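1. compute the structure for the input listed below.
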Amino acid sequence: MVFVAKRRPGIVGAAFIAVFAVLAVLALSAAAPDARAADPVCPGSKVKYYRNPMGTPETSPVPKKDSMNMDFIAVCESEAGDGPGTVKISLDKVQRLGVRSAEVQARALSRTVRAFATVQFDERRQFVVAPKFGGWIEKLAVNATGDTVKVGQDLFDVYSPELNILQQQWRTAGRNADATDKLRYLAFPEAALEKLRRGDPPSRTVAVPSPVAGTVIEKIAIEGMHFQPGEALFRIVDTSSMWVMAEIYEQDLAFVKVGDAARVTVNAWPEQPVEGRVTFIYPMVGKESRTAKLRIEVANPGGRLRADMAASVEIATPLDGSRLAVPDSAVIDSGRRQVVLVERGEGRYEPRPVKLGARVPGWVQVLDGLKSGERVVTQATFLIDAESNIRAALAAFTAGDGKGESK
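-> Numbering: from 1, shown residues only. The predicted structure is shown next:
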């Protein structure tokens, strides 16, 4: 007996068609390029999604148009992490705007503090001639204000009954130590005491010498006048060193310290500045001027500097260590908020708030908001910032509308 199998064309055909369809789909999907990867808008990257061109929160995984027939804008995967307000500018527009950038890096900062000042006498080099005994001035050897004197130079001759009595006692007492001490207590001139030791008779008048070298800036002594013990007769100043009293603004106090080098220029000789150093910063600030005083000591060997001269001062104040800094042209300062534009590459610029520190000519210290190696825009910043603000404001406005509609 022969058995003949009967075919079931319906079931076999359907199975064959199904397998062929699956293979065809797999082949097409493998051969078909990723539409997002092939998008020329994102060279070297993929399109993450498409956003509404008007800035609304609406997005789409595929290209589409909005209600006004405007194409949705592609957002690349490399752009998805950009901060709010990031601006994308075509490279040709970057060139037209003249955009320039600089690298953020740590550098040594130095600031020059400028101030007005006046020249004054060194208070530690001022002397007063005030004898410890009384008498009459019989002759003046230095008789004009402004005269210069040397150490030991005679200033005047004095007749003093008190000194005459002590000289006689010294001779009768046998030149003992007690009598010598009495004369020295009254600042009896050493030259006159030496004459007594040599056996010379006491003189009627005694020449009073200058205790220091300097310039007579005040003369009260007059020939024939009587003076009491302790009365000032001459005021002498050593002008080989002078003080320059400068006033700096309160905000500059943080940059100036004792020991800083200073350059002093007077109006009489502007082409010949004098070098000095800050020796003292006074512990008060003027209530009205809001300035602080500091003292600079300068050498004055030729006596060219004179008291009460007007002067200008420049103090070089290097900041300690290296500090992260950017060019001052990179900072957009609104008063309450300081922003820089960080270059993200391929024409993208991100506005980023920063916290600033010390400002020096051409540079400003960045305390927070930037890292070393990043690049910031230094030219055309306001043009890019204006476009960024417009986009950020539009996005916030439309986002608010979307939230209202969802309610």
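
2. which stretches of this protein have low pLDDT?
-> Counting by pLDDT under 70, the chain has low-confidence residues at 1-41, 43-45, 54-57, 77-85, 174-176, 380-407.

3. so how far is residue 333 from the residue positioned nearest the centre of it?
-> Among the residues of the chain, residue 111 comes closest to the average C-alpha position under C-alpha atoms, centre = their mean, at 4.5 Å. Separation of residue 111 from residue 333 (C-beta to C-beta, to the nearest Å): 18 Å. Any C-beta I mention is one placed from the backbone N, CA and C, and that applies to glycine too.

4. quickly find the element holding the residue nearest to the centre of the chain.
-> When elements are defined using DSSP states H and E, residue 111 is found to belong to strand 105-121.

5. C-terminal to that strand, what's the next element?
-> The C-terminal neighbour of strand 105-121 among helices and strands, as given by DSSP H and E, is strand 126-129.

6. how about that next one: buried residues?
-> The neighbour-count check on strand 126-129 (16 or more other C-beta atoms under 10 Å) flags residue 129 as buried.

7. do the same with stretch 173-190
-> Going by neighbour count (16+ other C-beta under 10 Å), the buried part of stretch 173-190 is 179-180, 183, 188-189.

8. and residue 279, what helix or strand is that in?
-> strand 274-285.

9. could you give me the buried positions within that strand?
-> Judged by neighbour count using 16+ other C-beta under 10 Å, the buried positions of strand 274-285 are 274, 276, 278.

10. try stretch 352-366
-> Neighbour-count burial for stretch 352-366 flags 352, 354, 356, 358-360, 363-366 (criterion: 16+ other C-beta under 10 Å).

11. which members of these are the farthest-apart pair?
-> Across the buried residues of stretch 352-366, the longest distance by C-beta to C-beta is 21.7 Å; it joins 352 and 360.

12. name the residues that touch the strand holding residue 279?
-> The list of residues contacting strand 274-285 from outside it, by C-beta atoms under 8 Å, 6 or more residues apart in numbering, reads 244, 250, 253, 256-266, 291-300, 305, 315.

13. for residue 235, what are its contacts?
-> Residue 235 makes contact with 126-129, 216-219, according to C-beta under 8 Å, 6+ apart.

14. what about 10 Å?
-> When the contact criterion is C-beta atoms under 10 Å, 6 or more residues apart in numbering, the partners of residue 235 are 126-130, 145, 214-220.

15. now the two most distant members of the residues you listed.
-> Spatially, the most separated pair among the contacts of residue 235 is 130 and 215, at 17.9 Å (C-beta to C-beta).

16. what's around residue 263, how many residues?
-> 17 (other C-beta atoms under 10 Å).

17. just checking: what are the partner strands of the helix or strand where it lies?
-> Here residue 263 is covered by strand 261-266, with elements defined by DSSP H and E. Under the criterion DSSP bridges, strand 261-266 sits next to strand 274-285 (antiparallel), strand 310-327 (antiparallel) in its sheet.

18. dump these into CSV; add distance to residue 122 as well.
-> Listed next are the strands paired with strand 261-266 as CSV, based on distance: least, C-beta to C-beta, whole Å:
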stretch, distance to residue 122
strand 274-285, 10
strand 310-327, 15
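
19. residue 107 is nearest to which of these?
-> Of all the strands paired with strand 261-266, the one in closest proximity to residue 107, counting by C-beta to C-beta, is strand 310-327 (5.4 Å).

20. for the closest one, buried residues please.
-> Of the residues in strand 310-327, those scored as buried under the neighbour-count criterion (16+ other C-beta under 10 Å) are 311-313, 315, 317, 319, 323-327.

21. between those residues, which sits nearest residue 371?
-> Taking C-beta to C-beta as the measure, residue 371 sits nearest to residue 324 out of the buried residues of strand 310-327, at 8.2 Å.

22. show me where the stretch 301-407 of the chain has its helices.
-> Secondary structure of the stretch 301-407 of the chain (DSSP state H, counting those that start in this stretch): helices at 381-406.

23. for the stretch 151-300 of the chain, that is, sorry about that
-> Assigned by DSSP H, counting those that start in this stretch, the helices in the stretch 151-300 of the chain fall at 161-172, 177-185, 190-197.

24. between the ones you listed, which one is closest to residue 337.
-> So among the helices of the stretch 151-300 of the chain, helix 177-185 is nearest, using C-beta to C-beta, at 73.7 Å.

25. for the closest one, name the packing helices and strands.
-> Under the contact criterion of 3 or more C-beta pairs under 10 Å, 6 or more residues apart in numbering; DSSP states H and E, helix 177-185 touches helix 161-172, helix 190-197.

26. dump these to JSON lines, plus distance to residue 344.
-> As requested, the helices and strands packed on helix 177-185 are arranged in JSON lines below (distance: least, C-beta to C-beta, whole Å):
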{"stretch": "helix 161-172", "distance to residue 344": "92"}
{"stretch": "helix 190-197", "distance to residue 344": "85"}
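
27. quick one on the thing from earlier: does the residue nearest to the centre of the chain touch residue 317 like I think?
-> Yes. Counting by C-beta atoms under 10 Å, residue 111 does reach residue 317; the two are 5.0 Å apart.

28. now do the shared contacts for these two.
-> Counting by C-beta under 10 Å, 6+ apart, the residues touching both residue 111 and residue 317 are 252, 254-256, 358, 360.

29. quick one: which of those is nearest to residue 372?
-> Lowest distance from residue 372 to the shared contacts of residue 111 and residue 317 (C-beta to C-beta) belongs to residue 358, with 17.1 Å.

30. contacting residues around the closest residue to residue 151 other than its chain neighbours?
-> Closest residue to residue 151 in three dimensions, ignoring its sequence neighbours and counting by C-beta to C-beta, 6 or more residues apart in numbering: residue 213, at 4.9 Å. Neighbour list for residue 213: 125, 127, 148-153, 236, 238-240 [criterion: C-beta under 10 Å, 6+ apart].

31. same thing but at 8 Å, please
-> With contact set as C-beta under 8 Å, 6+ apart, residue 213 has these partners: 148-151, 238.

32. what does stretch 153-170 contact?
-> 129, 131, 133-142, 149, 179-180, 182-183, 186, 188, 196, 202, 204-210, 221, 223, 233-234.
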